[in-house]
Each structure stands twice: as C-alpha cells, then as structure tokens.
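Participant: Based on what follows, work out the 3D shape:
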Amino acid sequence: MDKVERKINKLSVFYHNVQGLIPFSHLADEHPILDQTKIFELQRYAIERKPDIIILNETWLKPGILNDEILPSELYTIHRKDRSLESHPVSTNSKKFRKNGGGVLIAISTNITSVVNIIPIGHKAEFLALELVLEDKSKIVLSTCYRVGTLGAENFNAITETLKMLLRKKKLRKLYFIGDLNLPGIDWDEGTARTVLETNFVESFAEMNLLQLIKTPTHSKGNILDLLFVNSNQSITDVKVHGEGGYCKSDHFPITFNILQRCPRKPRNRRMCYSYKNADWESLNKDLCQVNWDDVFDCTESENAWNEFTVILQNLVNRHIPKFTIKDEFKPPWFDSECFESGKMKDKLHRKFKKTKTLSNELNFRKARKDFKKLLKSKMRENLDDSKGSTLAKKFWSHVKSITKSSRIPEVMSRKGVSSSSAISKANMFNKFFIEQFSQSSNYSVDIDFTNDALTNNIDFSADRILRLLNNIEVNKAQGPDSINGIVLRNCAVSLCHPLSKLFTLVFNSGDLPRQWKVANVVPVFKKGDKNNIENYRPVSLTCLITKIMERIIYDELWQRTEDKIDPR
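Facilitator: A predicted model of the protein is given here:
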C-alpha cells in the first residue's frame, strides 16, 4: 500500500546569480569543463538544505553539459535556457556583447507531486517560466530572467510582453518573477529611475501590479541588481538576502524565500538495513554450529528443509547483527561525515567574516573553502581505491553515477504511446514487456533412465568443497529473493558449509528445487537509445546466492566429465 502524501504549506526557494558554473577561461570552449568548486558547493547546499525550488542566473552552460552534471536527478528535475543568439540578440554596443555566458535555470524538487509544465516563451530574452498545476487545478507560475545591462528597447519589450502574457493565464493564482535585471539606477522605495529605459521598467511593473520585494543590495558593489516580483505579497514570506560567498562563489548574493502554498509531497521512504560492521560474527557462528542440522533435514521434501533452514538462519542473524534505519535519499558515496563537518566549518567561518568584515576572518574563510574543496577531491579518489577488481569496477560505476547524477530509471517511462510516472505502473510495464520477450516453454516427453547414471551417484556435495566456495563468494553480489547477503555467507562459511552440504544433497536426490530458488528479483538494465522507452532495457535476474553455490558445483562436475568431448573451437 502506498504511503499517504505529505502536504506542506510552503515551498522553499533558493535563488542565486552564480556568475558561471564553468571557469571563465573555458567560456568559449564548445565542450567546457565545470567549475568543480561551485558544483560541489551547489550540490552540498541542495543535498543538505533540500530547497523545493532552485533558480540560477548566469549559469554559462552549453548544450554539451548535461542536467545530471549540475544537480542530482534523484533530487531535482532541471529546466534551463542556455544563451543563444535568439534569446540574447547582438547588442548595439558590440564591444560589450558576449556570445557566451548568460543562461537561466529552474530546478524543481522531485519530492513535489504537482504537475510542472514549461511555458513557451518568445525569443529575444533569456527568460524561463514554469507552471505548477495544484490540486484544485489552479496554477502558480515561477519565472526567471537574466538581462544584460547593455540591452535596449527590444529586450525591454520582450520581457514586459512575456510577463503580461503570463499574467493573462487562466486560473493563475500567483506569479513569482526573480532574476538579475541589471537595473542599478532604480530607487525601489521611491519608484524613481536615472535612465529612460529604467523608468519604462518601473512604469511597466506598476502597470502590471507587480511588487518588488528586494530592498537591500544584492551585489558586492552595493547595487540592487537581483529583483523579486510578485502579484501578491501576501503569498510570500521570509525573504532574505544572504552575504557574499556563502554558498557559491559569486559577486552576487543569494536570495531565499518561502512561497505560502499548500503542496503535496511524496512520502519519504525509510528502510531497515543490517549493520554488518557491528555484527557479532563469533556468537552467530557459535549458535549456528549448535543447531542440530540432522534433525532439521530429517525429511524428504526439499521445500520444507529450505524453509526450516532460512527461518533458523534469519532468526540468528536478527539476534546477532543490529539494524538501523536509513532514508532512501541520494548522497554521493564519498560525501561522509568528515565532508559534512568541513562544510559546516566553512559556513561558520563565513558567518563570522560577514559579521566582523576583518581581514583575518576573511582569510580564515577562504582557507576553509579551499580545504573543503581539497577534502572532497581526496574523498573521491579514496572512493575508487580498492584492491579487488570486481569491487573496483562496482565503485567506479558508483563514482560515475554520482558525478553524473544519473538516475537508473527515469521519472517517466513509456511504451507504445503509454506513459507512467508511478513506481507500481512502471514495474508492471517492465514486467509485461519482459514476459513478451520469452517464447513458449518447450514440452518434451523423452523417457530417460538415470538409474545407472554416474553423475547422479557421484556428485561431491562435501562440506569442504562448499566451504571453499563460501570463502570465495563475492560479498558485493546482490542478494536474491531469500535476502541472504553474501557478507553473511562468507563470514559464516565454517558454520554453514555442513548444513548446506546436507541441503544440496537432499535437493539433488529428490530432484525438487525449493520454490524460492526458481524465482528472481528482476532489474531492468538500460541498453541504448531513448532512456525513457521501456523497450530499450533488458532484464537481469538476481537469484539466491546459495542457489548459485549449488549451480557451481554441478557445473564443475559436468565440465569435468565433458571437457574432453567438447571441441575447443
């Protein structure tokens, strides 16, 4: 049964003109690198503070940079408009015109269940608008714009006409418009301006009944450049302009505020996990050795024997291995408590510098910022440092997934024109497609006599053989439907090899596999093409690890008897 959605009465918003998420020296590159320091700080803020909406100006992004590289797709769905000649036409002041740079972005938390629509915007302005459709079908609009100060009347008309179009939308409840408009000559308290263009902006905003709520400087030079407009100031609270350098290095200051709006949220999933590092392996092995396995397997049905075995093992595991609750939330594998504390120290020194404005505190803050960046890079390298090849491969792909922030299964999946975003519906669509890929099972009626078969009578299911296989089991292999982890099998190899020897012998002699051995947890694995298309995935079956131990023994026996009969080609 699905958990009930939580309803929160406000949406938290974080805005910042980040002054480029790529280094200025790479601004003209077709495939620029990202500024890792800014990306680290932005991601840390998103992971720790979890604002519902993130709005960025001057992203400097290009089509070659994926959304997943900026913010985790597990946490945010990103909508953006990168600079182009259509959104940023050539200025009459050609010396100050920049083909590269600019760009705006709005990221919506995946925790919000409201429908989000992109509103088509005409060109000639770096303008982005999203429509959130609420439970009662009413709408609020989130919009942002970055305006270069040298642009003139054509850009002014594009911005004001776009805002008027947004305000005319049916069932519009509230409009929120924020961005760096580069209008330093306006006195917002008095409603006066120094230039004709700025006067036109003031008059147009007044005509549209838009209120400007930012009253303190948002730039290091003391200007109010980043502006926040609403069509009702009763729907917004806690507007705050933060200090320089707190979250993402820029000469602009971040702005946070809350939108007073009831909005459904997805439930937070929590699950119980074993703390294997705190397990009492000695006591667990001792208790397993004290079980009278001869009595447990004193039956002829493999199903009953397997059920008895799993119940005993599960009870003892629960007794000697503690559990803890974890949230199903995204966090890079290297972002541990040390990184968290380093980030908190950086923030603390930043607040101290803001308060005192002394050179010594500024130097301390800058050093903490460098140390934070250095620590994160060190943790990323350590995350890949492992001597085991298979573990290294797993950590490598975990590392790649984390730095690209790619989600294995997209939010919306589709097949044959039918789309779905709910977990259950997507699972059913995958299941139906995978079933269709299998042909009808064959029905052979060949009478074979195994009475004198040498293989049947000479399979070695000895405890020593099983012990060697258990000691070499890969602990990072995913567990199957029995939920018996490879860590338990390896650490309890000595105490489990004897009961497994008896179990395998019983199963083989009876010719009857336990039902749980015949099922698998199926995981969709992407092949190529459109990641939202279910037909571009293949199934991978995760079976019980104990089953694989028995399969290995039978495989080795078959290979030993047939190796000389198989053509090496």
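
Participant: For the closest residue to D280 other than its chain neighbours, give me the pLDDT.
Facilitator: Of all residues not flanking D280 in the chain, H320 sits nearest, at 4.4 Å (C-beta to C-beta, 6 or more residues apart in numbering). Quick note: C-beta positions are derived from backbone N, CA and C, even for glycine. We have a pLDDT of 96 for H320.

Participant: same thing with R415?
Facilitator: pLDDT, read off for R415, is 90.

Participant: who touches it in this structure?
Facilitator: M429, F433, N533, I534, E535 (C-beta atoms under 8 Å, 6 or more residues apart in numbering).

Participant: out of those residues, who's nearest I118?
Facilitator: N533 (20.9 Å; C-beta to C-beta).

Participant: Report the contact partners of L172.
Facilitator: L172 touches S138, K139, I140, V141, L166, counting by C-beta under 8 Å, 6+ apart.

Participant: filter the residues you listed to the buried ones?
Facilitator: K139, I140, V141, L166 (16 or more other C-beta atoms under 10 Å).

Participant: can you list these in JSON lines and add pLDDT, distance to E126 and secondary structure?
Facilitator: Conversion of the buried ones among the contacts of L172 to JSON lines gives the following (pLDDT from 0 to 100; distance: C-beta to C-beta, whole Å; DSSP: H, G, I helix; E, B strand; the rest coil):
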{"residue": "K139", "pLDDT": "84", "distance to E126": "23", "secondary structure": "strand"}
{"residue": "I140", "pLDDT": "89", "distance to E126": "22", "secondary structure": "strand"}
{"residue": "V141", "pLDDT": "93", "distance to E126": "17", "secondary structure": "strand"}
{"residue": "L166", "pLDDT": "92", "distance to E126": "16", "secondary structure": "helix"}
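
Participant: Please produce CSV containing those, extended by distance to Q437.
Facilitator: As requested, the buried ones among the contacts of L172 are arranged in CSV below (distance: C-beta to C-beta, whole Å):
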residue, distance to Q437
K139, 42
I140, 44
V141, 44
L166, 47
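
Participant: who's in contact with the residue lying closest to S302 once chain neighbours are set aside?
Facilitator: Spatial nearest neighbour of S302, chain neighbours left out: V507 (4.5 Å); criterion: C-beta to C-beta, 6+ apart. When contacts are counted by C-beta under 8 Å, 6+ apart, V507 touches S302, A305, W306, L513, P514, M550.

Participant: surely the first one meets N509?
Facilitator: No: using C-beta atoms under 8 Å, S302 makes no contact with N509, being 9.0 Å away.

Participant: Of these two, which one has the most company?
Facilitator: S302 (22 against 14; other C-beta atoms under 10 Å).

Participant: So what sits opposite C273 in the bridge?
Facilitator: Beta-bridge pairing for C273 (DSSP bridges): F324.

Participant: Just give the number of residues close to it.
Facilitator: Residues near C273, counting by other C-beta under 10 Å: 9.

Participant: Sketch out the low-pLDDT regions of the stretch 51-200 of the chain for me.
Facilitator: The model of the stretch 51-200 of the chain has pLDDT under 70 over residues 89-97.

Participant: can you rerun that using 50?
Facilitator: Scanning the stretch 51-200 of the chain for pLDDT under 50 picks out no residues.

Participant: do the stretch 301-450 of the chain as well
Facilitator: Using pLDDT under 50, the stretch 301-450 of the chain drops low at 387-393, 396-397, 399-400, 402-406.

Participant: is it true that S25 lies in a helix?
Facilitator: Yes: checked against DSSP: H, G, I helix; E, B strand; the rest coil, S25 lies within a helix.

Participant: ok, back up a step: for the contacts of L172, which one is nearest D35?
Facilitator: Out of those, the member with the shortest distance to D35 (by C-beta to C-beta) is V141, at 30.4 Å.

Participant: for the closest one, what are its contacts?
Facilitator: I119, A129, L130, E131, L132, L166, K169, L172, K174, L175, Y176.

Participant: Just checking: what are the partner strands of the strand or helix carrying the fifth one?
Facilitator: With elements delineated by DSSP states H and E, L132 resides in strand 126-133, which encompasses its position. When pairs are called by DSSP bridges, strand 126-133 turns out to pair with strand 115-118 (antiparallel), strand 139-146 (antiparallel).

Participant: quick one: buried residues of that strand?
Facilitator: E126, F127, L128, A129, L130, E131, L132.

Participant: need the strands for the stretch 401-550 of the chain, in chain order.
Facilitator: Using DSSP state E, counting those that start in this stretch, the strands of the stretch 401-550 of the chain run over 413-415, 418-420, 521-526, 537-542.

Participant: The ones you listed: which one's closest to G343?
Facilitator: Nearest of the strands of the stretch 401-550 of the chain (C-beta to C-beta): strand 521-526, 32.9 Å.

Participant: relative orientation of that closest one and strand 537-542 in degrees?
Facilitator: Note on geometry: by axes from the mean of the first three to the mean of the last three C-alpha atoms, to 10 degrees, strand 521-526 and strand 537-542 are set 150 degrees apart in direction.

Participant: Direction included, what does strand 521-526 pair against?
Facilitator: strand 537-542 (antiparallel).

Participant: average pLDDT for stretch 205-221?
Facilitator: 94.

Participant: Quickly note the distance from the residue nearest the centre of the chain to P264.
Facilitator: The centre of the chain sits closest to E74, judged by C-alpha atoms, centre = their mean, with a distance of 2.6 Å. Spatial separation of E74 from P264 under the definition C-beta to C-beta, to the nearest Å is 19 Å.

Participant: returning to that earlier point: taking the contacts of V141 together, which two end up most distant?
Facilitator: I119 and K174 (14.4 Å).

Participant: Which pLDDT value belongs to the nearest residue in space to P23 that is not next to it in sequence?
Facilitator: Of all residues not flanking P23 in the chain, D35 sits nearest, at 5.3 Å (C-beta to C-beta, 6+ apart). You'll see D35 listed with a pLDDT of 89.
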